[in-house]
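>>> Mind folding the following:
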Amino acid sequence: MPQNTRTFSDKFFLVIKGLAMGAANKVPGVSGGVVAFVAGFYEEFIYSLQKINLKALKLFINFRFKSFWQYINGRFLLLLILGMLISYFSVSKILDYFIMHYELYVWASFFGMIIGSIYYIVKDFDDWSRRNICFILIGIIIGVSISLMDPAHENDNLWFVFFCGIVGVSGMTLPGLSGSFILILFGNYVLLLVDSVNALYDTIADLIKWDFSFIYNVQRTRLLKVLLVFSLGSITGLVTLSHLLGYVLKHYKNATFAAIIGFITGSLGVVWPWKNKVYKLNKLEEIMIDAQGNPILDNYDRYLPDLTSASTYIGFFYICIGIAIVLWLEWYGKKTIKTLPK
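Predicted structure coming up:
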């Protein structure tokens, strides 16, 4: 949707969509790209990021800020990123609380949302050629394989952290591929999305109190450096992946959608609600903890639901809620398109 046709309601809901993307990106197994896809702004998101190129840089360097802003669809990106940032420092924290206390129901909701997302994409997909079916199967195999991989150990080498940033942001640009879960597999989820973010919180609190003693804290400065490099990697990943996806969407749209259907279907194994956490153990077979004293997640041990338990049926109910949320997003998207000015 062009910038000059956006109403206040559109802008508000775009921030809300950014909130949803940010929250989804932080949950292992869930892809923020799925939110963008179902909410109907995935292609605009990719093409807007694709506009961050040499032409945009020339406009900026030549102080043609208005042309630069219009060229990169700046208002759209700003509102979306604003929602993501708000989510990162608020909604994702609330989500962390619910995952800690109502984990089964949160996973069930996401499981339902992914099922609804698959329905949303498949119902309008009409190119069931052998090639596209192969892409779907390849996507499913990759998604399932990722869910079964054993995580690596934590690695704070800055080059590896930069690479984690590139790969970790994949959840925003490629629906069905969870950047957070990839970081778990790389062994750096706690380092990059927990410890370093907490270090930033503490630093901001110190700066508000005009306290600069943290610069002598070796552990804090190391985590801030890690967060900076990870952020640079994420920005690099967003821009480079968007150019790649923009190209394939333009030239191989149906094949790309087929692969996305496969990725999303394969990700169902990651967000399977009925599972137990498996924590990392040290050489003494003791559970390892992070800097905040929390146990470090290794992977999940999945099991079939107990049909004699009331919680199982509550989980089924939340799966239906997740499906309903996606159907509502689809309905809202169609309603918005109908009300646009001709």
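>>> Output the contacting helices and strands for the longest helix belonging to the chain.
Scanning the chain for the helix with the most residues, using DSSP state H, yields helix 218-251. Helix 218-251 sits against helix 42-50, helix 158-168, helix 170-173, helix 196-208, helix 253-266, with contacts defined as 3 or more Cβ pairs under 8 Å, 6 or more residues apart in numbering; DSSP states H and E. C-betas here are computed from N, CA, C, even on glycine.
>>> can you do 10 Å?
helix 42-50, helix 158-168, helix 170-173, helix 179-186, helix 196-208, helix 253-266 (3 or more Cβ pairs under 10 Å, 6 or more residues apart in numbering; DSSP states H and E).
>>> buried residues in the fifth one?
Counting neighbours by 16 or more other Cβ atoms under 10 Å, one finds that the buried residues in helix 196-208 are 196-200, 203, 206.
>>> Next: the last one.
Neighbour counts using 16+ other Cβ under 10 Å place 255-266 of helix 253-266 among the buried residues.
>>> which among these gets closest to Met149?
Among the buried residues of helix 253-266, Gly266 lies closest to Met149 (Cβ to Cβ), at 12.4 Å.
>>> Not counting its neighbours along the chain, what's nearest the closest one?
Distance criterion Cβ to Cβ, 6 or more residues apart in numbering; nearest residue to Gly266, sequence neighbours excluded, is Gly143 at 1.7 Å.
>>> how much space between that neighbour and Phe317?
26 Å (Cβ to Cβ, to the nearest Å).
>>> And for Ser196?
37 Å.
>>> How about Arg131?
39 Å.
>>> just the buried residues of helix 253-266 now: which is nearest Tyr102?
Nearest to Tyr102 among those: Ile264, at 24.0 Å, using Cβ to Cβ.
>>> confidence score at that closest one?
On pLDDT, Ile264 comes in at 78.
>>> That one and Asn276: what is the separation?
For Ile264 relative to Asn276 (Cβ to Cβ), the value is 24 Å.
>>> got it, and Met21?
On the measure of Cβ to Cβ, Met21 and Asn276 end up 28 Å apart.
>>> Those two: which is more packed in?
More crowded of Met21 and Asn276, by other Cβ atoms under 10 Å: Met21, with 26 against 9.
>>> unless I'm mixing things up, that one is touching Gly32, no?
Yes - counting by Cβ atoms under 10 Å, Gly32 is a contact partner of Met21 at 3.8 Å.
>>> before we move on, back to that, look at Gly143 and Phe317 and report which has more neighbours.
Neighbour tally, Gly143 and Phe317, criterion other Cβ under 10 Å: the higher count belongs to Gly143, 21 against 14.
>>> That one touches Met149, doesn't it?
No - at 11.3 Å, Gly143 and Met149 do not qualify as touching, with contact defined as Cβ under 10 Å.
>>> secondary structure class for Glu154?
coil (DSSP: H, G, I helix; E, B strand; the rest coil).
>>> What about it, how many residues nearby?
By other Cβ under 10 Å, the residues close to Glu154 number 17.
>>> thought it was touching Leu191?
Yes - Glu154 is within contact range of Leu191, at 5.4 Å (criterion: Cβ under 10 Å).
>>> Do you have the strands of the stretch 1-150 of the chain handy? List them.
Per DSSP state E, counting those that start in this stretch, the stretch 1-150 of the chain carries no strands over any range.
>>> show me what contacts Asn188?
Residues near Asn188 by Cβ atoms under 10 Å, 6 or more residues apart in numbering: 151-156, 160-161, 163-165, 168, 182, 195-196, 226, 230.
>>> What of Leu82?
Counting by Cβ under 10 Å, 6+ apart, Leu82 touches 11, 14-15, 18-19, 22.
>>> Any figure for the gap between it and Gly74?
Leu82 is 12 Å from Gly74, by Cβ to Cβ.
>>> quick one: low-confidence ranges for the stretch 1-150 of the chain?
1-10, 27-30, 89, 91-93, 95-96, 150 (pLDDT under 70).
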